[in-house]
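*Asks:* structure for this input, please:
(2 chains)
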Protein chains: 2
Amino acid sequence: MITVALAKGALLKDSVRRFAAAGLDFAAVLEPGNRQLMVPSACGTARALLVRNADVPVYVAYGQAQLGVVGYDVLREQPLPVAQLVDLGFGGCRMSVAVKASSPYRRAADLPAHCRIASKFTRCAEAYFEALDLPVELIHLAGSVELGPITGMSEAIVDLVATGRTLEENGLVAIEDLFHSTARLVGHPLALRLDGGELQAIVDRIAAVSVAPVPAAVA
Amino acid sequence: MITVALAKGALLKDSVRRFAAAGLDFAAVLEPGNRQLMVPSACGTARALLVRNADVPVYVAYGQAQLGVVGYDVLREQPLPVAQLVDLGFGGCRMSVAVKASSPYRRAADLPAHCRIASKFTRCAEAYFEALDLPVELIHLAGSVELGPITGMSEAIVDLVATGRTLEENGLVAIEDLFHSTARLVGHPLALRLDGGELQAIVDRIAAVSVAPVPAAVA
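*Replies:* Numbers count the residues shown, from 1 in each chain, chains lettered A, B, ... in the order given. Model (predicted):
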């Protein structure tokens, strides 16, 4: 039985679509009334674990799921021993440094030494400012990071930016990108090594529909 | 201007009620359409920050809020320099060790050495098992911790238990409590020390309605 860890939330619908293209139908996880965390595929040969974004690499690293779909941001923030197999292309967003629109700072390196940076992604932020050789004080927040500069608690934030609407609504502007993030297909290294071909077939089919999609009008 | 950090979610309604009894009306935060994270009180002399449970002590510790309401579980998991002022009594739950109902283990100390424990509260769990002198491998999860034993990833979990319904639905049983948790009024130590009497008056009024409430029929 193949187990696939899928992240609840923004990535779920596209994740289900990709696995459908590879022959595994997990549409049941999208049903509004679904409360189950472990959902069998329509064909009964696989099952999906519905977990938080940050927990996908955990289930894959411990081998409880052989495959998983998770944002690259999570893989950067919490490095775990999983194999990155396919860049799925969807769920695009940027990990950005943002400041108040009224702030004089327009590059991360302009920020004053020892200033405070609020983030849900303090490891990503730490590595970035270390590479800039700029000592900063990191404040870990669990949500609504934009309140950091609004309340005056922090000079800047490091956060995921998709449309930029949340920043704009809160009077903030992104001044620099740490990296671009998309959804990734990940796998349990040992499961892939011991695979009799079944896992690789799924990976190949997902890769085929993920890489360089041909626009419908041209195809 | 007094700023109060309130936790979104289960504690919010009762938190608003306690501050109302102390003369600060934050009922606007309960309006279903509210999207604001910073909400003024009806009288205009104070404001509420609507933040995640785990972020309440952060805003209070950094002095962005002078007062806050947060579960004791958060204060145990993430010790920050805030003053614990009043046990508000509501939001009662237990931090418990739970195993599969079919598990042979009935006490935490019975668990096999080096077994895996999944939890959102890995610091609490770590301290508890260290005190038992039982080495365990902690797995941090962001949510749906009950999947740990169900998938076979962990022998046990450490999680908050309120009604016990989630455990029951997932075939788990609580076998031992680490501690009991309730909502706490916390304060910024320096703000309290420099207070001209205004903060203390609020704390006293909240304490008066929180300690040993007299049943209406008897009063």
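
*Asks:* for A:Val158, name its beta-bridge partners.
*Replies:* Note on A:Val158: beta-bridge partners A:Val97, A:Ser119, judged by DSSP bridges.

*Asks:* burial count for it?
*Replies:* Counted with other CB atoms under 10 Å in any protein chain shown, residues neighbouring A:Val158 total 27. C-beta here means a position set from N, CA and C on the backbone, and glycine is covered the same way.

*Asks:* helices of chain A, start to end?
*Replies:* For chain A, applying DSSP state H gives helices covering A:12-21, A:56-61, A:72-77, A:122-131, A:147-151, A:165-169, A:189-193, A:198-210.

*Asks:* need those in JSON lines (columns: mean pLDDT).
*Replies:* Putting these into JSON lines (pLDDT from 0 to 100) gives the following:
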{"stretch": "helix A:12-21", "mean pLDDT": "96"}
{"stretch": "helix A:56-61", "mean pLDDT": "98"}
{"stretch": "helix A:72-77", "mean pLDDT": "97"}
{"stretch": "helix A:122-131", "mean pLDDT": "98"}
{"stretch": "helix A:147-151", "mean pLDDT": "95"}
{"stretch": "helix A:165-169", "mean pLDDT": "92"}
{"stretch": "helix A:189-193", "mean pLDDT": "96"}
{"stretch": "helix A:198-210", "mean pLDDT": "94"}
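
*Asks:* could you dump the ones you listed to CSV with distance to chain B and mean neighbour count?
*Replies:* Output for the helices of chain A, formatted as CSV (distance: least, CB to the nearest CB, whole Å; neighbours: other CB atoms under 10 Å in any protein chain shown):
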stretch, distance to chain B, mean neighbour count
helix A:12-21, 14, 18
helix A:56-61, 6, 26
helix A:72-77, 10, 20
helix A:122-131, 12, 17
helix A:147-151, 4, 23
helix A:165-169, 9, 13
helix A:189-193, 14, 14
helix A:198-210, 18, 17
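
*Asks:* I'd like to know which of the ones you listed lies nearest to B:Val173.
*Replies:* helix A:56-61 (22.9 Å; CB to CB).

*Asks:* tally of neighbours for the residue nearest to A:Pro104 when sequence neighbours are not counted?
*Replies:* By the measure of CB to CB, 6 or more residues apart in numbering or on different chains, the closest residue to A:Pro104 outside its immediate chain neighbours is A:Asp110, 7.7 Å from it. Around A:Asp110 there are 13 other residues, counting by other CB under 10 Å.

*Asks:* what does A:Asn170 give?
*Replies:* Taking other CB under 10 Å as the criterion, the count of residues near A:Asn170 is 19.

*Asks:* quick check on it: phi, psi?
*Replies:* Dihedral pair for A:Asn170: phi -110, psi 10, per degrees, to the nearest 10.

*Asks:* surely A:Ala183 meets A:Ser15?
*Replies:* Yes - applying CB atoms under 8 Å as the test, A:Ala183 and A:Ser15 come out as touching, 6.9 Å apart.

*Asks:* okay, and the beta partners of the most centrally placed residue in chain A?
*Replies:* The centroid of chain A falls nearest to A:Gly71 when counting by CA atoms, centre = their mean (1.7 Å). Listed beta-bridge partners, A:Gly71: A:Ala183 (assigned using DSSP bridges).

*Asks:* now swap in A:Leu67 and tell me
*Replies:* Going by DSSP bridges, A:Leu67 forms beta bridges with A:Val4, A:Gly187.

*Asks:* how about the contacts made by it?
*Replies:* By CB atoms under 8 Å, 6 or more residues apart in numbering or on different chains, the residues touching A:Leu67 are A:2-5, A:60, A:85, A:185-188, A:199, A:202-203.

*Asks:* equivalent analysis for A:Ala46, please.
*Replies:* Counting by CB under 8 Å, 6+ apart, A:Ala46 touches A:Met1, A:Ile2, A:Thr3, A:Val4, A:Leu24, A:Phe26, A:Pro40.

*Asks:* out of those, who has the most neighbours?
*Replies:* For these, counting by other CB under 10 Å, the largest number of neighbours falls to A:Val4: 26 neighbours.

*Asks:* for stretch A:186-202, output the C-alpha coordinates as PDB.
*Replies:* What follows is the C-alpha trace of stretch A:186-202 in PDB, where atoms were taken according to Å, rounded to 0.1, in the frame of the first residue of the first chain:
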ATOM      1  CA  VAL A 186       9.300  14.400  -2.100                       C
ATOM      2  CA  GLY A 187      10.000  10.800  -1.300                       C
ATOM      3  CA  HIS A 188      11.400   8.600   1.400                       C
ATOM      4  CA  PRO A 189      14.900   7.700   0.200                       C
ATOM      5  CA  LEU A 190      14.900   4.100   1.400                       C
ATOM      6  CA  ALA A 191      11.500   3.400  -0.100                       C
ATOM      7  CA  LEU A 192      12.700   4.800  -3.400                       C
ATOM      8  CA  ARG A 193      15.800   2.600  -3.300                       C
ATOM      9  CA  LEU A 194      13.900  -0.500  -2.400                       C
ATOM     10  CA  ASP A 195      11.100   0.200  -4.900                       C
ATOM     11  CA  GLY A 196      10.100  -2.500  -7.300                       C
ATOM     12  CA  GLY A 197       9.100   0.000  -9.900                       C
ATOM     13  CA  GLU A 198       5.700   1.000  -8.600                       C
ATOM     14  CA  LEU A 199       6.800   4.300  -6.900                       C
ATOM     15  CA  GLN A 200       9.100   5.300  -9.800                       C
ATOM     16  CA  ALA A 201       6.200   4.800 -12.200                       C
ATOM     17  CA  ILE A 202       4.100   7.300 -10.200                       C
END
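
*Asks:* find residues that contact each of A:Ala183 and A:Ser15.
*Replies:* With CB under 8 Å, 6+ apart as the test, A:Ala183 and A:Ser15 both reach A:Val69, A:Leu88.

*Asks:* surely the residue nearest to the centre of chain A and A:His180 touch.
*Replies:* No - taking CB under 8 Å as the definition, A:Gly71 is not a contact partner of A:His180, at 11.0 Å.

*Asks:* who does the top strand by length along chain A touch, helix- and strand-wise?
*Replies:* Looking across chain A with DSSP state E, the single longest strand is strand A:172-181. If you count contacts as 3 or more CB pairs under 8 Å, 6 or more residues apart in numbering or on different chains; DSSP states H and E, strand A:172-181 packs onto helix A:72-77, strand A:93-100, helix A:122-131, strand A:156-161.
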